[in-house]
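A.B. asks: Provide a 3D model corresponding to the input given below.
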Amino acid sequence: MDGRGRAVRMSVELPLWRALAGYRVLTLVYAVLIFVFGQDRFERPGVAVGVLAVMAVWTLATLPRVSSAARCTRPFLAVDLAIALTGILLTPLADAHAQTHDGPTLPSIWTAGSVLAFALKGGWRWAGFASSLVAVANIVQRGEPSADTFHNVLLVWVASIAIGYVVEVARASERTLARALEIEAATRERERLARDIHDGVLQVLAMVQRRGTALGGEAAELGRMAGEQEVALRTLVSGGLVPPSRTPEAAPAPAENAPAESGPAGPVDLRTLLAPCAGARVTLSEPGAPVLLPPGAARELAAAVGAALDNVRRHAGDAASAWILVEDWPDEVVVTVRDDGPGIPEGRLAQAEGEGRLGVAQSIRGRLRDLGGRAELLSVPGQGTEVELTVPRGKADT
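C.D. replies: This next block holds a predicted model:
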């Protein structure tokens, strides 16, 4: 969560703080230009120069402060707003006629930068507090404020509160998105762990149960216990109670038909990973040229093929034959596993998934989904089953 959440927050908030820093510099230049081109109306230009000099030094010296919410501290906000309010209140001292006309104050629109900093830092409540103080200072400075003064004060107050509210909504959306990304990552890890468990532990427990029942005697009792553990483990996996993360030391062993985790860093020839699957009743048809895929994609695709063959042996029996066809296309790799078994009755896959049997749902379809591919299953009772595994090259390479 931390890595993704922090990236999301930086991508949303950082432009706002950069915009605020640029706004403060530009409005400082604007305030200086107003004084330069209108200095004839100032009875005490020294006061104006002093206020603008303080604003200039403060703005340039504190630019790093308006780079993030963490660096924009409460003491900085307090001093920043105090400078803005002081500039407003000193305007009549520099310009004796400031109360009789609707000209700008010494800070002019630079004051809005202080209010916006409050909005970005603390949301609409902080923005309302800062803009209210600015409104009071403007009213006091005018003495007898006009309709234009009230209009400008109300505009700043409403705009700052609206911006603060938008910032709060954006931060809430960031937290929601970060949480969603965390849940998605945990779910994918749980599904991957479930596949590993299905390919290894559950297959062994099922085999022990079958062999023990066939042998009878004490072996039958061992088979019964293995069957109970298989059911409990399937319930644990399908119920989502498996921890979402694991340490490398606790990682399960790879499945029988899955390739080892270690291997070359470059592309892997899928044919070499599928070669051990061929046997007396399994025919492998492959292209004459290497079928190159990234190591991770090749291992997952080979493991999905192994899971499909495990289903053939489990449900169709040792007498069933299977055929593996590998097709290497420019934009995708397609592996088809077909058998001549009894097929899968309609509704059986949904029932198996509800019972926690994740062979097709996780070991096959889950693997292909993580690769950006798809797994299509076609089965006709009495005529066998065909599983088509497709991996797009563009997605498998990422």
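A.B. asks: quick one, strands of the stretch 251-398 of the chain?
C.D. replies: Here the stretch 251-398 of the chain has its strands, by DSSP state E, counting those that start in this stretch, at 268-269, 282-285, 292-293, 322-328, 332-339, 374-379, 385-392.
A.B. asks: List just the one of those strands that sits closest to Thr59.
C.D. replies: The closest of the strands of the stretch 251-398 of the chain to Thr59 is strand 385-392. By C-beta to C-beta, the value is 52.8 Å. C-beta coordinates here come from the backbone N, C-alpha and C atoms, glycine included.
A.B. asks: Return the angle between stretch directions for the closest one and strand 374-379.
C.D. replies: Going by axes from the mean of the first three to the mean of the last three C-alpha atoms, to 10 degrees, strand 385-392 is angled at 170 degrees with respect to strand 374-379.
A.B. asks: just the angle between strand 385-392 and strand 332-339, please?
C.D. replies: Relative orientation of strand 385-392 versus strand 332-339 (the same axes, to 10 degrees): 170 degrees.
A.B. asks: Strand 385-392 pairs with which strands?
C.D. replies: strand 332-339 (antiparallel), strand 374-379 (antiparallel) (DSSP bridges).
A.B. asks: can you redo the ones you listed as TSV with distance to Pro75, mean pLDDT and mean neighbour count?
C.D. replies: Listed next are the strands paired with strand 385-392 as TSV, based on distance: least, C-beta to C-beta, whole Å; pLDDT from 0 to 100; neighbours: other C-beta atoms under 10 Å:
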stretch	distance to Pro75	mean pLDDT	mean neighbour count
strand 332-339	60	93	21
strand 374-379	57	88	16
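A.B. asks: just so I know, which of those lies nearest Ala170?
C.D. replies: For the strands paired with strand 385-392, distance to Ala170 was read as C-beta to C-beta. The smallest value, 35.7 Å, belongs to strand 374-379.
A.B. asks: Just give me how far the closest one sits from the chain centre.
C.D. replies: Relative to its parent chain, strand 374-379 has a centroid offset of 30 Å by C-alpha atoms, centre = their mean, to the nearest Å.
A.B. asks: closest to Gly279 out of the strands paired with strand 385-392?
C.D. replies: strand 332-339 (13.1 Å).
A.B. asks: Of the strands of the stretch 251-398 of the chain, which is nearest Arg24?
C.D. replies: So among the strands of the stretch 251-398 of the chain, strand 385-392 is nearest, using C-beta to C-beta, at 48.8 Å.
A.B. asks: Minimum distance to Arg41: which of the strands of the stretch 251-398 of the chain has it?
C.D. replies: Nearest of the strands of the stretch 251-398 of the chain (C-beta to C-beta): strand 385-392, 71.0 Å.
A.B. asks: Run the angle between the closest one and strand 322-328 for me.
C.D. replies: Interaxial angle, strand 385-392 versus strand 322-328 (the same axes, to 10 degrees): 20 degrees.
A.B. asks: mind giving me JSON lines with the strands of the stretch 251-398 of the chain and columns for distance to Ala48?
C.D. replies: Formatted as JSON lines, these follow (distance: least, C-beta to C-beta, whole Å):
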{"stretch": "strand 268-269", "distance to Ala48": "74"}
{"stretch": "strand 282-285", "distance to Ala48": "88"}
{"stretch": "strand 292-293", "distance to Ala48": "72"}
{"stretch": "strand 322-328", "distance to Ala48": "78"}
{"stretch": "strand 332-339", "distance to Ala48": "72"}
{"stretch": "strand 374-379", "distance to Ala48": "71"}
{"stretch": "strand 385-392", "distance to Ala48": "67"}
